[in-house]
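**Q** Predicted structure and sequence below. I'll ask about it afterward.
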Amino acid sequence: MNPILKNILAVVTGVFIGMAVNMGLIMISGSIIPLPEGVDNTTSEGLKAGMHLFEVKHFIMPFLAHALGTFSGAFVAARLAANHKMKFAIAIGVLFLLGGIYMVFMLPSPTWFTVLDLGLAYIPMGLLAGKLASK
């Protein structure tokens, strides 16, 4: 297969896998750590209104979803890429970081979570996935 086409497919597949892992974890998070009483998570307005009720435990699953979604997408992209595997893993990390930044503006969260999430869930996970996939 043409290396350029293979690399494009690697990135597209990595993005879809990462998004699926992220959304899967977000969807099951409520059954693992129930939301505070009275929080409506069906809309972003409901989440914004109930954000003050969230405790630290309620941010564990979103962080894991972001980190594991990025890791899995970057790992798949790096494994499938024809060459420059680390670059493709980092590219997935950057794409997911942009999504994380977008979400910070759409759904404000405590500053500590924003710093932790944006600082550790995206680029570091892309780098780790790239290193592991390149072996």
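**A** Happy to help now that I have it.

**Q** and Leu118, what is it in contact with?
**A** By C-beta atoms under 8 Å, 6 or more residues apart in numbering, the contact list for Leu118 reads Leu97, Gly100, Ile101, Val104. Heads up, the C-betas are built off the backbone N, CA and C, glycines and all.

**Q** One more: Val94?
**A** Val94 touches Tyr122, Ile123, Gly126, counting by C-beta under 8 Å, 6+ apart.

**Q** Alpha carbons of the helix or strand containing it, in PDB - could you do that?
**A** Here Val94 is covered by helix 85-106, with elements defined by DSSP states H and E. Taking Å, rounded to 0.1, in the frame of the first residue of the first chain, the C-alpha atoms of helix 85-106 are listed here in PDB:
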ATOM      1  CA  LYS A  85       5.300   6.600  14.000                       C
ATOM      2  CA  MET A  86       6.100   9.000  16.800                       C
ATOM      3  CA  LYS A  87       5.000  12.000  14.800                       C
ATOM      4  CA  PHE A  88       1.600  10.400  14.100                       C
ATOM      5  CA  ALA A  89       1.100   9.500  17.800                       C
ATOM      6  CA  ILE A  90       1.900  13.100  18.800                       C
ATOM      7  CA  ALA A  91      -0.400  14.400  16.100                       C
ATOM      8  CA  ILE A  92      -3.300  12.400  17.600                       C
ATOM      9  CA  GLY A  93      -2.300  13.800  21.000                       C
ATOM     10  CA  VAL A  94      -2.400  17.300  19.600                       C
ATOM     11  CA  LEU A  95      -5.800  16.700  17.900                       C
ATOM     12  CA  PHE A  96      -7.300  15.400  21.200                       C
ATOM     13  CA  LEU A  97      -5.700  18.300  23.100                       C
ATOM     14  CA  LEU A  98      -7.500  20.800  20.800                       C
ATOM     15  CA  GLY A  99     -10.700  18.900  21.600                       C
ATOM     16  CA  GLY A 100      -9.900  19.200  25.300                       C
ATOM     17  CA  ILE A 101      -9.300  22.900  25.000                       C
ATOM     18  CA  TYR A 102     -12.600  23.300  23.100                       C
ATOM     19  CA  MET A 103     -14.400  21.400  25.900                       C
ATOM     20  CA  VAL A 104     -12.900  23.700  28.600                       C
ATOM     21  CA  PHE A 105     -14.600  26.600  26.900                       C
ATOM     22  CA  MET A 106     -17.800  24.800  26.300                       C
END
